[in-house]
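[1] Whatever this is, show me its structure:
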Amino acid sequence: MATETKVLTAHVPLTLADKVDAMAARLERSRGWVMKQALAAWVDLEEERHRLTLEALADVDSGSVIDDKAIRAWAESLATDEPLPPPV
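    Sure thing, here's the model as predicted:
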(Lines give C-alpha, C1' and ligand atoms only; values in the text may rest on other atoms or scores of the structure.)
Protein backbone atom coordinates (compact mmCIF):
# COMPACT_ATOMS: atom_id res chain seq x y z
CA MET A 1 0.00 0.00 0.00
CA ALA A 2 1.52 3.29 -1.12
CA THR A 3 1.68 6.21 1.27
CA GLU A 4 -0.41 9.14 0.16
CA THR A 5 1.61 12.27 -0.48
CA LYS A 6 1.04 15.93 -1.20
CA VAL A 7 3.33 18.28 -3.04
CA LEU A 8 4.38 21.35 -1.04
CA THR A 9 6.15 24.23 -2.70
CA ALA A 10 8.37 26.80 -1.02
CA HIS A 11 10.56 29.56 -2.33
CA VAL A 12 13.93 29.46 -0.58
CA PRO A 13 17.03 31.61 -0.96
CA LEU A 14 19.47 30.32 -3.56
CA THR A 15 22.17 29.84 -0.94
CA LEU A 16 19.89 27.51 1.04
CA ALA A 17 18.89 25.61 -2.11
CA ASP A 18 22.57 25.19 -2.97
CA LYS A 19 23.27 23.80 0.50
CA VAL A 20 20.39 21.33 0.18
CA ASP A 21 21.67 20.22 -3.23
CA ALA A 22 25.21 19.80 -1.87
CA MET A 23 23.93 17.81 1.10
CA ALA A 24 21.83 15.59 -1.16
CA ALA A 25 24.86 14.90 -3.33
CA ARG A 26 27.07 14.19 -0.32
CA LEU A 27 24.48 11.81 1.14
CA GLU A 28 23.72 10.30 -2.26
CA ARG A 29 20.04 11.06 -1.72
CA SER A 30 17.51 13.11 -3.62
CA ARG A 31 16.74 16.73 -2.85
CA GLY A 32 13.21 15.60 -1.98
CA TRP A 33 14.54 13.09 0.56
CA VAL A 34 16.65 15.78 2.25
CA MET A 35 13.68 18.15 2.33
CA LYS A 36 11.40 15.48 3.85
CA GLN A 37 13.98 14.72 6.54
CA ALA A 38 14.44 18.40 7.36
CA LEU A 39 10.71 19.12 7.45
CA ALA A 40 9.97 16.07 9.59
CA ALA A 41 12.69 17.09 12.09
CA TRP A 42 11.35 20.65 12.24
CA VAL A 43 7.76 19.48 12.76
CA ASP A 44 8.91 17.12 15.55
CA LEU A 45 10.78 19.99 17.22
CA GLU A 46 7.79 22.34 17.00
CA GLU A 47 5.41 19.68 18.34
CA GLU A 48 7.72 19.10 21.31
CA ARG A 49 8.01 22.85 21.91
CA HIS A 50 4.21 23.12 21.86
CA ARG A 51 3.86 20.18 24.27
CA LEU A 52 6.36 21.75 26.68
CA THR A 53 4.60 25.10 26.44
CA LEU A 54 1.25 23.52 27.33
CA GLU A 55 2.93 21.67 30.21
CA ALA A 56 4.45 24.91 31.50
CA LEU A 57 1.12 26.73 31.22
CA ALA A 58 -0.55 23.93 33.17
CA ASP A 59 2.09 24.38 35.89
CA VAL A 60 1.32 28.09 36.02
CA ASP A 61 -2.42 27.43 36.17
CA SER A 62 -1.91 24.99 39.05
CA GLY A 63 0.30 27.46 40.93
CA SER A 64 3.37 25.26 40.58
CA VAL A 65 5.79 28.12 39.99
CA ILE A 66 8.87 29.58 41.64
CA ASP A 67 8.99 33.27 42.49
CA ASP A 68 11.26 35.21 40.16
CA LYS A 69 12.89 37.01 43.11
CA ALA A 70 13.94 33.65 44.54
CA ILE A 71 15.40 32.63 41.16
CA ARG A 72 17.29 35.91 40.83
CA ALA A 73 18.69 35.66 44.37
CA TRP A 74 19.81 32.08 43.72
CA ALA A 75 21.39 32.99 40.36
CA GLU A 76 23.23 35.96 41.87
CA SER A 77 24.46 33.81 44.74
CA LEU A 78 26.19 31.40 42.36
CA ALA A 79 29.06 33.86 41.94
CA THR A 80 29.63 34.03 45.71
CA ASP A 81 31.54 31.83 48.13
CA GLU A 82 28.27 30.63 49.66
CA PRO A 83 25.69 29.99 46.93
CA LEU A 84 22.08 29.50 47.98
CA PRO A 85 20.38 26.16 47.42
CA PRO A 86 18.22 26.07 44.28
CA PRO A 87 14.73 27.38 44.98
CA VAL A 88 11.88 24.88 45.00
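[2] what's the helix or strand for the residue most central in space within the chain?
    Nearest residue to the geometric centre of the chain (CA atoms, centre = their mean): Leu45, 4.3 Å. Counting by DSSP states H and E, the element that carries Leu45 is helix 31-62.
[3] Can you name the element that comes right after that helix?
    Sequence order places helix 68-77 as the next helix or strand after helix 31-62, per DSSP H and E.
[4] pLDDT of the helix holding Leu45, averaged?
    Mean pLDDT, helix 31-62: 97.
[5] for that helix, which positions count as buried?
    For helix 31-62, the neighbour count (16 or more other CB atoms under 10 Å) marks Val34 as buried. C-beta: built from backbone N, CA, C; applies to glycine.
[6] packing partners for that helix?
    In terms of contacts (3 or more CB pairs under 8 Å, 6 or more residues apart in numbering; DSSP states H and E), helix 31-62 is packed against helix 14-27.
[7] okay, the angle between the helix holding Leu45 and helix 14-27?
    Helix 31-62 runs at 110 degrees relative to helix 14-27, counting by axes from the mean of the first three to the mean of the last three CA atoms, to 10 degrees.
[8] Count residues in the vicinity of the closest residue to Ala70 other than its chain neighbours, would you?
    Sequence neighbours aside, Pro87 is the residue nearest to Ala70 in space, at 4.0 Å (criterion: CB to CB, 6 or more residues apart in numbering). Each residue near Pro87 was counted by other CB atoms under 10 Å, and the total is 14.
[9] Go ahead and confirm Pro87 touches Ile66.
    Yes. Look at Pro87 against Ile66 with CB atoms under 8 Å: they come within range, at 5.0 Å.
[10] list residues touching both of these two?
    When contacts are counted by CB atoms under 8 Å, 6 or more residues apart in numbering, Pro87 and Ile66 have no shared neighbour.
[11] Now Leu78: phi and psi?
    With angles defined as degrees, to the nearest 10, Leu78 sits at phi -60, psi -20.
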